[in-house]
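Chemist: A structural model of the following input is requested.
(chains A and B)
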Number of protein chains: 2
Amino acid sequence: MNILITAGGTSEKIDNVRSITNHSTGRLGKEIGEHFLANGHHLTYVTTPQAVRPKAEENLTLIEIETTKDLEAALLEQFKQQSFDGIIHSMAVSDYTTETTMSEEIFIEKLAATLAKQPALSDLTKLTEALYLSLDEIGKTSQQEKKIPSGTDRLLLFLKKNPKIIAMLKEQQPQAILVGFKLLVGVSTEELIHVGQSILAKNNCDFVLANDLEEIHGDQHKGILIDAQGQTVTAQTKNEIAQLIVKKVEEKWRN
Amino acid sequence: MNILITAGGTSEKIDNVRSITNHSTGRLGKEIGEHFLANGHHLTYVTTPQAVRPKAEENLTLIEIETTKDLEAALLEQFKQQSFDGIIHSMAVSDYTTETTMSEEIFIEKLAATLAKQPALSDLTKLTEALYLSLDEIGKTSQQEKKIPSGTDRLLLFLKKNPKIIAMLKEQQPQAILVGFKLLVGVSTEELIHVGQSILAKNNCDFVLANDLEEIHGDQHKGILIDAQGQTVTAQTKNEIAQLIVKKVEEKWRN
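Modeler: Modelled structure (predicted):
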């Protein structure tokens, strides 16, 4: 099979020396990749600078990216060149990227200036409307600093939504068996399965691996693999999750 | 001599899976540390998980921290136990830590609710005052999420000032020769020296190494070492900077 894996965590620049990083060691992705390679499959592996990755070998193509935008561009490029049989999208992708950063002084100055132009601020609905417009204007028009100021007591960071990578995978590669990932923090098993199922349905996944940060401790890693029929299988370690995903993707590909 | 070096870059958690990271490879700190060790000095080296560091040896004590708060605690602990002859504070320390994060919908709802209580919003001064109070209340009272929401188009991150580590070093260890660092981005040499001098005066440093991100390319690393008499020496590589700092600190210690 021709397999694509994304792993690691993207980061988004705030200024030239700082960024917002999604922590992900990439260890689960590496393990999944190594299992596919061991079974003789071709692997394109997209990862981030800090993450671990499978050792170089003939069947492995490594691609390194940093931001969500980079990831989108790299994937679209690959989709032009290759047709994948399986896509394992385990990368922790930033939902947001930096729009602008400013001190509270500048923020308030800008907000006051735009609000003062509004007539009926005592009306809550109109005030809310005015606030949306002001915030949008401030977010879109403020120039990003090369290095964020350090002289203020409070800074405001505006973040705007990144493109949803998982949503475009099946559109771009309808033939591929798609495995999505969902990481939550401190929820019940029912909630985990429920959210996993909705991610699966929304993005046309064949499987979703749902896991909870509070149940990941090194190699101990509880993961629930959900399929499109709503069936679930639970694994307890990174190695078990990797074996399970490889087995399920291979099985589905054979049928 | 008994030397303390801080190196690497701190990071501040936004939620359980994301943080704001100050990029710093720690390579310059490592080089400075290795030069001090080679000259037979004792070294306490405080660094961050992603940064490179000198190889373990008898004269080296390694301490790892993540956040600015951790750094402050680790240093205060060391200052109780040890008296340092030289402190090289090269760590890239976050000026800000996360106060709270919220969607623009929630922010506007809260802001509108507090503003609507104010009588004279058409007056710009009063409006500005009301905005400061509202922002402060929202920043301080909003609970931080375990994982920031992903369903909104715009997120607002409130960041508040961290304690200034450099300001307390000479207060805590008045006998130590203190070398501060200042990284700027894309400024003139005059500006670099000017800002370096003000950092030196403000924090009672003996030396400040001022550098510009745009003049750092791997080992090529332009750095201007400024002393308390306003004299400057320029180095062109990490190795030259390290040699220069070790030489100047040793010289000052002998006199």
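Chemist: in the stretch 101-250 of chain A, where is pLDDT below threshold?
Modeler: Where the stretch 101-250 of chain A drops to pLDDT under 70, the residues are A:119-122, A:144-150.
Chemist: one more time with 50
Modeler: Counting by pLDDT under 50, the stretch 101-250 of chain A shows no low-confidence range.
Chemist: what residues does it have near chain B?
Modeler: Contacts of the stretch 101-250 of chain A with chain B, taken as Cβ under 8 Å from any Cβ of the partner chain, map to A:104, A:107-109, A:111-113, A:115-116, A:121-122, A:124, A:127-128, A:131-132, A:135-136, A:139, A:146-148, A:150, A:152-161, A:183-186, A:213. Every residue, glycine included, has its C-beta placed from N, CA and C.
Chemist: just the buried members of the residues you listed?
Modeler: By neighbour count, with 16 or more other Cβ atoms under 10 Å in any protein chain shown, those hold A:104, A:107-108, A:111-112, A:115, A:121, A:127-128, A:131, A:135, A:139, A:147-148, A:152, A:154-161, A:183-184, A:213 as buried.
Chemist: where along the stretch 151-255 of chain A do the strands fall?
Modeler: In the stretch 151-255 of chain A, the strands defined using DSSP state E, counting those that start in this stretch lie at A:154-161, A:177-184, A:207-217, A:220-227, A:232-237.
Chemist: now for A:V17: which residues touch it?
Modeler: Taking Cβ atoms under 8 Å, 6 or more residues apart in numbering or on different chains, we find A:V17 in contact with A:147, B:22-24, B:92, B:183, B:185, B:213.
Chemist: could you rerun that using 7 Å?
Modeler: Neighbouring residues of A:V17 by Cβ atoms under 7 Å, 6 or more residues apart in numbering or on different chains: A:147, B:22-23, B:92, B:183, B:213.
Chemist: what segments of chain A are helices?
Modeler: A:27-38, A:68-81, A:104-116, A:124-141, A:165-172, A:189-202, A:238-254 (DSSP state H).
Chemist: what sits up against the longest one?
Modeler: Under the criterion Cβ under 7 Å, 6+ apart, residues A:99-100, A:107, A:110-111, A:114-115, A:118, A:120-121, A:158, A:160, B:104, B:108, B:111-112, B:115-116, B:154 lie in contact with helix A:124-141.
Chemist: the same query, at a cut-off of 8 Å, please.
Modeler: Under Cβ under 8 Å, 6+ apart, the answer for helix A:124-141 is A:99-100, A:102, A:107, A:110-111, A:114-115, A:118, A:120-121, A:158, A:160, B:104, B:107-109, B:111-113, B:115-116, B:154.
Chemist: and what of the second one?
Modeler: Applying Cβ under 8 Å, 6+ apart, the set of residues contacting helix A:68-81 from outside is A:4, A:6, A:10, A:12, A:44, A:46, A:63, A:65, A:91, A:93-94, A:97, A:162-163, A:165, A:168-169, A:172-173.
Chemist: make it 7 Å
Modeler: Here helix A:68-81 has contacts from A:4, A:10, A:44, A:46, A:63, A:65, A:91, A:93-94, A:97, A:162-163, A:165, A:172-173, using Cβ under 7 Å, 6+ apart.
Chemist: list just the nearest of the residues you listed to chain B.
Modeler: Taking Cβ to the nearest Cβ as the measure, chain B lies nearest A:S94 of these, at 7.7 Å.
Chemist: now do the same contact list for that closest one.
Modeler: When contacts are counted by Cβ under 7 Å, 6+ apart, A:S94 touches A:10, A:12, A:20, A:22, A:68, A:162.
Chemist: by neighbour count, which of these wins?
Modeler: Among those, A:T10 has the most neighbours (other Cβ atoms under 10 Å in any protein chain shown), with 26 neighbours.
Chemist: tell me the contacts of it?
Modeler: Taking Cβ under 7 Å, 6+ apart, we find A:T10 in contact with A:22, A:48, A:66-68, A:71, A:91, A:93-94.
Chemist: swap the cut-off to 10 Å and go again
Modeler: By Cβ atoms under 10 Å, 6 or more residues apart in numbering or on different chains, the residues touching A:T10 are A:19-22, A:24, A:48, A:65-71, A:91-95, A:97, A:162, A:165.
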